[in-house]
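Undergrad: Just the structure for this:
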Amino acid sequence: MSGRGAAPGTRRLLPALAAILILLPAGGTSPSAEGLRVTGSVSRPRVRLGENVTFTLRVEGGGPLLAQPVLPALAGFQVVGTYQTVEAGSSGRALLFHYMLSPRNAGRLAVPDLNLRIGETVVTVPGFAVEVETGGAAPSPAKPPPSSSRPAPAVLEDVLLFGSVSSSRVYVGQPVVYTLHLLTRRSVRGLDITRPAAFDGFQKVEDPLASKARAVQTRRNGHLYLDAVVMRATLFPLEPGPKVVEDFEAELRLDSAPGRAVLRGGGVRLDVTPLPAPPAGFRGAVGRFTLRAVEPPPRQVEGGRPVTLALQVEGEGFLPEAPLDVAASPFLQAYPPTVQDTSAFERGILKTRRTYRLAFLPRAAGAVDLPRAKLVAFDPGKQAYSVLTEGGGRVLVGVSSGAAGTQVSLAPLVRRPVPGPVRNVFLTRRVFWRLLPIPFALAALIAAGLGTYRAFFTAPEKRRARALKHRLRRSLHRARRRLDVRRAEEFHEELSRALMAAFDLKTGCSTTGLSRAQLEEVLAKAEPDAVRKEKALALADLLERARYAPERPTKMDLLERYEAVRAWVQGEAEGPRDGRGRGGTARAWFPIALAAGLLLPPSSSAQGPGDLLALQAAQAYDRGDFSEAGRLYLLLKEAEGDGAGLRYNLGNCAFKSGDLGRAILEYRRALRFDPGLEAARHNLEAARRLLPARVPPYEPSPWEAALAAIPPGLLEALVLLFALLGNGALVAALVLSPGPIRRACVQGVVAAFILMGASGAVLAYSDSVLPRQQPVVVVAPAEVRAEPEGGGKPLAVLPPGSEILRVARAGDRSLVLWGEGRGWTDSSAVEAP
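TA: Predicted structure coming up:
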């Protein structure tokens with residue numbers, strides 16, 4: 001079927017050709033600059049206006065998977081078609097990219113050197129020149145061709161171009177086999193494809209051996225035809241909706257008829273259905289695949305050496321450039337995988353077979369867990385997604401002097417986290433301003449009440465009697481404390497003061513300094529009972545003699561004198577209490593203890609729904625499903641409340657998932673609940689050491705650092721404390737009688753109010769010096785700009801895990817501050833612990 005006199009610039013397709021066009025998927029292994037050989041050529045240097053010329057790029061040493069380069073705009077030419085063929089040579093296989101060019105005007109059309117991107121490499125291809133003649137130009141396409149090229153009407157019925165697909169209704173990415181048939185009832189000498197179909201909206205992979213298939217007989221429209229396969233390709237729809245494969249145009253040469261016949265046909269229509277909502281980790285794979293490990297990782301490596309493993313994906317369907325979802329790990333630095341594609345056609349079906357070699361560089365010494373690779377693919381036959389996992393394992397990394405020489409360990413999970421209250425600032429500013437007026441108001445109220453009581457409800461005689469009773473009780477108390485033979489003189493002096501106070505209270509006048517006769521006369525007027533009068537005088541004489549007696553009394557004598565004086569003065573004033581017995585104290589506390597025991601809730605050991613959630617989350621964590629474990633812990637937080645252990649476990653899930661920014665945030669939240677949780681502090685430092693990059697923190701001045709080091713609420717508490725002490729001392733000074741204690745209270749008032757003023761001044765100054773700085777953690781790459789509207793060039797991009805300060809907010813924008821600058825960023829990229 002190869003013919004002579006083929007029209008220049010046409011594409012010849014013969015069923016017996018060994019080299020057939022094949023369009024391989026874009027996105028394979030990129031060629032390297034070394035060993036890439038690119039040459040260009042044109043099919044004819046001279047053509048007539050209206051004819052096409054083919055420009056061919058020959059690429060050798062570029063790997064099996066290359067996308068067809070895009071030509072820039074060519075002066076004087078229009079690209080009307082492209083295709084790709086494979087050619088076997090002595091040095092290996094070469095890819096030929098063909099471009100059909102149509103001249104726009106006559107004359108010498110020169111194309112300068114072309115800079116083309118082939119894979120990831122930019123190469124320069126020498127230009128070319130074509131002479132375009134005007135004389136004898138081909139007729140206009142709108143006019144019918146010359147009679148020598150017009151076939152008889154019977155030819156169109158005896159020879160047909162026909163296209164077929166394996167399925168006319170497919171999903172996005174589902175492979176569909178397209179076949180171009182030549183149906184003939186006559187002897188055909190040759191077939192030249194002059195205008196191939198473009199296959200817009202499809203990725204196409206042609207079967208190079210399809211044209212070698214034997215022709216078979218088939219019946220169509222009641223006639224028997226010989227069916228020869230011109231081309232067979234596997235199509236992958238790239239987007240949903242109705243898709244059309246346009247007709248091919250070919251020139252046919254028959255043995256029984258002169259000239260050429262023009263055939264058009266092969267067009268088909270497909271309905272492409274969109275895929276259902278995909279699960280997490282879906283990268284676009286459609287079909288039925290298997291995933292297996294062909295090269296397991298080593299069990300032990302030296303520090304600083306990479307760990308490699310190879311996985312193979314095999315099946316029928318569409319695979320994107322990077323179909324595997326490999327979870328990130330903070331302990332490993334992942335390299336881009338290398339791909340080896342050995343896909344081939346088997347019995348007309350494209351069998352996809354790719355080997356992915358994964359490489360990781362351990363960033364820490366010790367036992368390191370490799371992440372498992374996950375392939376999520378949509379199976380059109382089952383109309384459901386399938387999830388395949390493979391790989392993983394544990395590698396023991398040795399310690400070296402390189403980057404992997406640091407031993408990093410992660411504290412274990414809290415198996416049953418319990419909720420707990422947040423240790424917030426114990427005194428907020430709102431509570432402080434509400435509590436501050438209370439001591440002053442109470443002191444003013446007590447002073448006003450005391451003054452009113454003294455002025456309107458207390459006579460001078462009653463005030464004097466109250467002061468005498470206070471002096472009597474105090475003297476008896478002091479005498480009781482001096483009940484010792486070595487302090488007999490002080491003992492008798494205090495008893496005498498108590499007796500004199502009782503005499504003053506009884507007589508209504510001062511008896512200090514009176515002689516015995518004067519005292520007897522005064523008592524006779526105040527005490528009608530002669531027995532009590534004589535007893536009082538006897539006590540006064542006894543104490544007078546005891547103070548000046550040369551012999552030392554015994555303790556029994558001191559006790560008898562104390563009891564005698566106390567028994568007499570109890571009739572004049574209420575005697576002092578010597579103390580409360582332990583039995584009374586116990587009896588007083590017993591009702592309180594009983595009430596507290598009744599009010600305490602009974603302990604229960606029954607398990608609730610939180611125990612089941614905690615167990616399921618721990619099991620998901622143990623099997624490596626850290627996202628599911630984090631989701632269950634969030635459900636546990638909603639069911640039972642927040643707590644330090646819960647936030648710590650969420651930090652561990654984020655740490656294992658490779659999200660170090662989220663891990664740092666959760667660990668700091670755990671420490672806010674419980675500052676003494678050492679496991680959270682340990683893991684927080686480990687996460688900070690493994691961060692690949694972070695910005696330096698803001699460095700305040702020494703004075704700002706000193707003010708910031710003061711615990712929140714401490715200054716407010718000091719102001720309240722000194723206000724309470726000062727007002728309390730003021731009330732005591734108003735109540736007490738003049739004396740040393742009252743003078744001490746006055747001094748306490750002055751000192752307390754001075755300290756209160758100093759604390760208030762420091763508080764006010766800290767509010768004016770320190771801005772409202774809120775610590776935040778960057779959880780996503782944050783672009784920082786100079787204006788809150790977000791316009792202009794970014795000042796910086798803050799990496800996740802950076803710990804910075806937020807000083808203001810405007811809508812969904814935050815003003816952040818770090819060691820090297822400040823600016824506005826999206827509030828969703830930063831979160832406060």
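
Undergrad: Low-confidence regions, the stretch 701-833 of the chain specifically.
TA: 768-772 (pLDDT under 70).

Undergrad: which residues touch the residue nearest to residue 302 when sequence neighbours are not counted?
TA: If the residues on either side of it in the chain are set aside, residue 302 comes closest to residue 398, at 4.8 Å by Cβ to Cβ, 6 or more residues apart in numbering. Just so you know, the C-beta spots here come from the backbone N, C-alpha and C atoms, and that holds for glycine as well. Residues in contact with residue 398 (Cβ atoms under 8 Å, 6 or more residues apart in numbering) are 300, 301, 302, 303, 365.

Undergrad: Would you confirm that residue 282 contacts residue 386?
TA: No - the pair residue 282 and residue 386 does not pass the contact test of Cβ atoms under 8 Å, sitting 10.7 Å apart.

Undergrad: what's the overlap in contacts for those two?
TA: 376, 378.

Undergrad: who has more neighbours, the two?
TA: residue 282 (20 against 14; other Cβ atoms under 10 Å).

Undergrad: And the spatially closest residue to that one that is not a sequence neighbour, how close does it get to residue 324?
TA: With sequence-adjacent residues excluded and distances taken as Cβ to Cβ, 6+ apart, residue 282 is closest to residue 376, at 4.4 Å. Residue 376 sits 9 Å away from residue 324, going by Cβ to Cβ, to the nearest Å.

Undergrad: any shared contact partners between those two?
TA: What both residue 376 and residue 324 touch, as defined by Cβ under 8 Å, 6+ apart, is the set residue 283.

Undergrad: Who has more neighbours out of those two?
TA: residue 324 (23 against 20).

Undergrad: what's across from the more buried one in the sheet?
TA: residue 375 (DSSP bridges).

Undergrad: wait, residue 375 sits on residue 356?
TA: No - using Cβ under 8 Å, residue 375 is not in contact with residue 356; the gap is 9.8 Å.

Undergrad: could you point out which element follows the host helix or strand of residue 519?
TA: Using DSSP states H and E, residue 519 falls within helix 516-526. Remark: after helix 516-526, the chain's next helix or strand is helix 530-548, criterion DSSP H and E.

Undergrad: Next, the angle helix 516-526 makes with that following helix.
TA: 150 degrees (axes from the mean of the first three to the mean of the last three Cα atoms, to 10 degrees).

Undergrad: then helix 530-548 to PDB, C-alphas only?
TA: What follows is helix 530-548, C-alpha atoms only, in PDB (Å, rounded to 0.1, in the frame of the first residue of the first chain):
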ATOM      1  CA  ALA A 530     -20.100  45.500 152.900                       C
ATOM      2  CA  VAL A 531     -18.800  42.000 152.300                       C
ATOM      3  CA  ARG A 532     -17.800  42.700 148.700                       C
ATOM      4  CA  LYS A 533     -16.300  46.000 149.800                       C
ATOM      5  CA  GLU A 534     -14.200  44.400 152.400                       C
ATOM      6  CA  LYS A 535     -13.100  41.700 149.900                       C
ATOM      7  CA  ALA A 536     -12.100  44.300 147.400                       C
ATOM      8  CA  LEU A 537     -10.000  46.200 150.000                       C
ATOM      9  CA  ALA A 538      -8.400  42.900 151.100                       C
ATOM     10  CA  LEU A 539      -7.400  42.100 147.600                       C
ATOM     11  CA  ALA A 540      -5.900  45.600 147.200                       C
ATOM     12  CA  ASP A 541      -4.000  45.100 150.400                       C
ATOM     13  CA  LEU A 542      -2.900  41.600 149.400                       C
ATOM     14  CA  LEU A 543      -1.500  42.800 146.100                       C
ATOM     15  CA  GLU A 544       0.200  45.800 147.700                       C
ATOM     16  CA  ARG A 545       2.000  43.600 150.200                       C
ATOM     17  CA  ALA A 546       2.900  41.000 147.500                       C
ATOM     18  CA  ARG A 547       4.600  43.600 145.300                       C
ATOM     19  CA  TYR A 548       7.000  44.500 148.100                       C
END
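
Undergrad: Going by neighbour count, which residues of that helix are buried?
TA: 533, 536, 539, 540, 542, 543, 546 (16 or more other Cβ atoms under 10 Å).

Undergrad: just the residues you listed now: which is nearest residue 792?
TA: Using Cβ to Cβ, the shortest approach to residue 792 within the buried residues of helix 530-548 belongs to residue 543, at 97.2 Å.

Undergrad: what's the spacing between that closest one and residue 475?
TA: For residue 543 relative to residue 475 (Cβ to Cβ), the value is 12 Å.

Undergrad: what does residue 38 give?
TA: Applying Cβ to Cβ to residue 38 and residue 475 gives a distance of 119 Å.

Undergrad: Thanks a lot, see you next time.
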